[in-house]
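In: Task: produce atomic coordinates for the following.
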Amino acid sequence: MPPLTSQQRSGADETYRRPGYHGPATNGRPHARLKSRRRRTRARNRFIAQALVVALIVAGLGITALGVVAYSTARSVESQVIAEFTAGQAQLEKGKALLTKATKDRSVAELEQARTEFKGARKHFSAGPKLLSRNLATGAASYLPLPYVSPRISAVQNLGVMGTSLADAALIGVDIDATLVSPKPQAAKGFLGVLGAIQPQLPAIKKQLTTAHQAALAVDPSVLPQSQAGALQKAIASIDKALASLDELATLLPVAGDILGANGERTYLVEQVAPAELRAGGGFVGSFSIVKADAGQMKLYRTGNIGAVEYPRPNRGQPGYVAPPGPLQLFIGRSSFGIADSNFFPDFKTSAKWAEYFTPKELNVKPDGVISIDPDVIAAMLLLTGPIKVPGYDITVDGKTFTSWLFEQQYALQNISGTKKYIFSAIAKVLIPKITSLPASRWPELITALNDLASKRHLQVYFNNDAAQGIMERYGWSGSLNPHNATDFMYEVESNFSATKTNHFLSRAYNVELSVVKGKLHHVVTISLVNNMPTGYEGGNLYGCFFRLYVPASATNLATLLPLSQRGLPDDTVPAGYQVFQGWFEINPARYTDRTLSFAYDTPWAATGSHEIYWQKQPGTESDRITVTWRSGGKSYVTSGTLATDRKIVLAPGSVTLVPGLAGSAVVPSLSL
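Out: Numbering: from 1, shown residues only. Below is the predicted model of the structure:
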């Protein structure tokens, strides 16, 4: 048969399109051309129907005139997608809680439970997008010009990516924490071994978190139900926090490595201060240790009594003489300034720099930092290690009784011997190796103890490395003056310059009265002291004190209500931004046992909202009682507590409260999810 002309083909097409005409039959089957046309039509209809199914799945549009079958299919797949995401979210949260608990409990079993939950979460999060991809409508719908289809499909896909990436990041987090919790070989190598295990994992975990963050931001929140939109924003905030935690970890690890000698040997002066003879920095520096860090190994290089290396000091006019601050000259006379008295200053950084200045001269080493500890630090470490036997003394020391035992051993007259002041050093020789060899699983316990000691200012740290010192500042270990840079601030500092150990028996109480007078906040600070020291201790029981009360430079109308004695040279080392009440007083139990000091001053006052006063605690002191009275609107409000740590006084129109100030906040390296 000859081929049809175009006109004939057109007529034939019209014939094919006539109602009821099925074309010529071949063995009872439709003509191949007609069959192909019908197949294309059915595909087009299925394409549209299935695209609408997807829209129903993602947007929950409900029954429309598009048909009950489409709605039924959509609701079925929609329920499955929601169920998978809900289950994934639940397992992710459960895993995060287990990870936190496992780190706290040092539990390998709980870590493995967390790992199982994260794996389950990943499976659920990946299942949602797979449900859509298996639906034949998905591929077609994404190309349709229906504005509500594409963003909803994208939302499901991106939520799946976000969830799986978070689960993958969490699984790496489990591996990191397992390094710290489980007794793996790298943990036995000390902190540097752990750092070496953690650092290579950081890029991988950051990649997962970044992917999760990008996927979360790609979700159009307007296509989600209101409750789910809120959950998305919470997830984004959580990822932001995890990324910030990761950046902090990435900053901390190399600095920690440097402190521990990863980049070469580091040398530290450890001042062992005596709070019984209180000084601005926590106490007279009676003994010392030189600790060296090399490739993660901490070794006690030297320890001893400061008197054996510092005395006799040069006198004025002799080579090596350094003039001490004015008030000290009244105490030490013509003698030079030195390590023992170097912690005269209100901020530890200044005191530490002076100690570093004298260390090469007196101890023949150049330190890379200074660490100040008092007997409370030793007691806390003994609670971690358990009792230890002190070589050369035939005694065993226990953390529960150490502080009072050490005082009696060092300063009671009946215990005087040529070696009594070396007890601290003898203990250090045994204790330092025990602490530095604690297994990784006990590091959280160690860090918790050190944070508490730093909060109470029994521990202060200064490093020459600026990055390391910045971390100490953030962690609250630095002993900085006014660590929050508060505009209203006070700090009472006592220095025992009577060469007695009276502070062990001295009690102290503060009363602060606050009111608004002529548009200024009026402060009246009263300090009541009682010297209960008995006889029978080295040096006697006279408390001769050089006193300072630091207030802001913006303070006005300063008045000493109960006067101090003014003698000798004043302190001319007052830091910029502050002014000081200063002078001398004594409490001699032979004549009287108590003394009251009182001071008044004004600071700027803003009448709106609340007002805060930062109250810094002096190192070496204990939990002194405090009472604050706030007179406002014709009424008086009173609160009380202790100065166990720094405090903030918070004034409001109808209340006054005491809240904690800067607290030690160091952490064992981990990822916060």
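In: Please give the element, helix or strand, for residue 96.
Out: In the assignment (DSSP states H and E), residue 96 maps to helix 68-105.
In: So which elements touch the helix or strand just after that helix?
Out: Later in the chain than helix 68-105, the nearest helix or strand by DSSP H and E is helix 108-134. Using 3 or more Cβ pairs under 8 Å, 6 or more residues apart in numbering; DSSP states H and E, the elements in contact with helix 108-134 are helix 32-59, helix 68-105, helix 150-181. No exception for glycine: its C-beta is placed from N, CA and C like everyone else's.
In: comparing these, which gets the lowest mean pLDDT score?
Out: Mean pLDDT is lowest for helix 32-59 out of those, coming in at a mean of 48.
In: Show the low-confidence segments of this structure, by residue range.
Out: Residue ranges of the chain with pLDDT under 70: 1-78, 135-149, 182-190, 227, 414-421, 667-673.
In: what's the domain layout of it?
Out: Listed by automatic domain parsing, the domain ranges of the chain are 49-258, 266-473, 489-660.
In: Kindly reformat the ones you listed as JSON lines containing distance to residue 481 and mean neighbour count.
Out: What follows is those, written out as JSON lines (distance: least, Cβ to Cβ, whole Å; neighbours: other Cβ atoms under 10 Å):
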{"stretch": "domain 49-258", "distance to residue 481": "23", "mean neighbour count": "18"}
{"stretch": "domain 266-473", "distance to residue 481": "4", "mean neighbour count": "18"}
{"stretch": "domain 489-660", "distance to residue 481": "6", "mean neighbour count": "17"}
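In: about what we covered before: tell me the angle the helix holding residue 96 makes with helix 108-134.
Out: Put simply, helix 68-105 runs at 160 degrees to helix 108-134, going by axes from the mean of the first three to the mean of the last three Cα atoms, to 10 degrees.
In: could you check the angle helix 150-181 makes with helix 68-105?
Out: Inter-element angle recorded for helix 68-105 and helix 150-181: 20 degrees (by the same axes, to 10 degrees).
In: check contacts around residue 467.
Out: Applying Cβ atoms under 8 Å, 6 or more residues apart in numbering, we find residue 467 in contact with 251, 255, 258.
In: Next, the contact list for the second one, please.
Out: Neighbour list for residue 255: 465, 467-468, 471 [criterion: Cβ under 8 Å, 6+ apart].
In: Tell me which stretches of the stretch 451-600 of the chain form strands.
Out: Ranges of strands in the stretch 451-600 of the chain, per DSSP state E, counting those that start in this stretch, are 459-463, 489-496, 506-517, 520-531, 543-552, 556-562, 578-587, 594-604.
In: Just name the closest of the contacts of residue 467 to residue 637, please.
Out: residue 251 (42.9 Å; Cβ to Cβ).
In: give the contact list for the closest one.
Out: Residue 251 makes contact with 467, 471 under the criterion Cβ under 8 Å, 6+ apart.
In: so can I have TSV of the domains of the chain showing distance to residue 482?
Out: TSV is the format used below for these (distance: least, Cβ to Cβ, whole Å):
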stretch	distance to residue 482
domain 49-258	24
domain 266-473	8
domain 489-660	5
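In: re the thing from before, tell me which other helices or strands the helix holding residue 96 touches.
Out: Secondary elements touching helix 68-105 (3+ Cβ pairs under 8 Å, 6+ apart): helix 32-59, helix 108-134, helix 150-181.
In: 10 Å instead?
Out: Packing contacts for helix 68-105, counted by 3 or more Cβ pairs under 10 Å, 6 or more residues apart in numbering; DSSP states H and E, involve helix 32-59, helix 108-134, helix 137-141, helix 150-181, helix 226-259, helix 443-455.
In: Quick one, which of those helices gets closest to residue 435.
Out: Nearest of these (Cβ to Cβ): helix 443-455, 7.2 Å.
In: just the angle between the closest one and helix 150-181, please?
Out: Using the same axes, to 10 degrees: helix 443-455 against helix 150-181 is 90 degrees.
In: Show the contacting residues for residue 429.
Out: Shown in contact with residue 429 (Cβ atoms under 10 Å, 6 or more residues apart in numbering): 289, 300, 303, 390-392.
In: who are the neighbours in contact with the nearest residue to residue 450 once chain neighbours are set aside?
Out: Spatial nearest neighbour of residue 450, excluding adjacent residues (Cβ to Cβ, 6 or more residues apart in numbering): residue 459 at 6.2 Å. If you count contacts by Cβ under 10 Å, 6+ apart, residue 459 has them with 282, 371-374, 376-377, 380, 449-453, 477, 479, 619, 664.
In: ditto for residue 365
Out: Contacts of residue 365 (Cβ under 10 Å, 6+ apart): 267-269, 290, 292, 301-302, 359.
In: taking the contacts of residue 459 one by one, which sit in helices?
Out: Here DSSP state H is the test, and the contacts of residue 459 give 376-377, 380, 449-453 as lying in helices.
In: Can you tell me which of those residues is closest to residue 128?
Out: Using Cβ to Cβ, residue 451 is the member of the ones in helices among the contacts of residue 459 that lies nearest residue 128, at 42.2 Å.
In: Distance of the nearest residue to the closest one once chain neighbours are set aside relative to residue 413?
Out: Spatially, and ignoring its direct neighbours in sequence, residue 451 is nearest to residue 664 (3.1 Å; Cβ to Cβ, 6+ apart). Separation of residue 664 from residue 413 (Cβ to Cβ, to the nearest Å): 37 Å.
In: Next: residue 625.
Out: 31 Å.
In: again, but for residue 114
Out: Distance of residue 114 to residue 413, computed by Cβ to Cβ: 59 Å.
In: go on, residue 108?
Out: From residue 108 to residue 413 the distance is 53 Å (Cβ to Cβ).
In: which ones are touching residue 497?
Out: Residues in contact with residue 497 (Cβ under 10 Å, 6+ apart) are 277-279, 284, 327-328, 330-332, 341, 344, 543-546, 568, 584.
In: and what of residue 455?
Out: Contact analysis of residue 455 by Cβ under 10 Å, 6+ apart lists 476-477, 617, 644-646, 660-665.
In: again with residue 464
Out: By Cβ under 10 Å, 6+ apart, residue 464 lies in contact with 266, 352-353, 356, 366-370.
In: Phi and psi next, for it.
Out: Backbone torsions of residue 464, given as degrees, to the nearest 10, read phi -70, psi -30.
In: go on, residue 568?
Out: phi 70, psi -160.
In: That one contacts residue 326, correct?
Out: Yes - using Cβ atoms under 10 Å, residue 568 is in contact with residue 326, at 6.5 Å.
In: joint contacts of those two?
Out: Listed as contacting both residue 568 and residue 326 by Cβ under 10 Å, 6+ apart are residue 546.
In: circling back to that earlier point, a markdown table for the contacts of residue 365, including secondary structure and distance to residue 210?
Out: Putting these into a markdown table (DSSP: H, G, I helix; E, B strand; the rest coil; distance: Cβ to Cβ, whole Å) gives the following:
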| residue | secondary structure | distance to residue 210 |
| --- | --- | --- |
| 267 | strand | 40 |
| 268 | strand | 38 |
| 269 | strand | 43 |
| 290 | strand | 45 |
| 292 | strand | 40 |
| 301 | strand | 45 |
| 302 | strand | 48 |
| 359 | helix | 46 |
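In: Looking at those residues, spot the one nearest residue 604.
Out: residue 269 (40.7 Å).
In: That closest one bridge partners, please.
Out: As for beta bridges, residue 269 partners with residue 290, residue 370 under DSSP bridges.
In: wait, what's in contact with it?
Out: Residue 269 makes contact with 285, 288-291, 339, 352, 355-356, 358-359, 363, 365-372, 462 under the criterion Cβ under 10 Å, 6+ apart.
In: Please report how far residue 312 lies from residue 299.
Out: Counting by Cβ to Cβ, the separation of residue 312 from residue 299 is 31 Å.
In: do the same with residue 163
Out: Taking Cβ to Cβ as the measure, residue 163 falls 48 Å from residue 299.
In: go on, residue 528?
Out: To residue 299, residue 528 is 47 Å away according to Cβ to Cβ.
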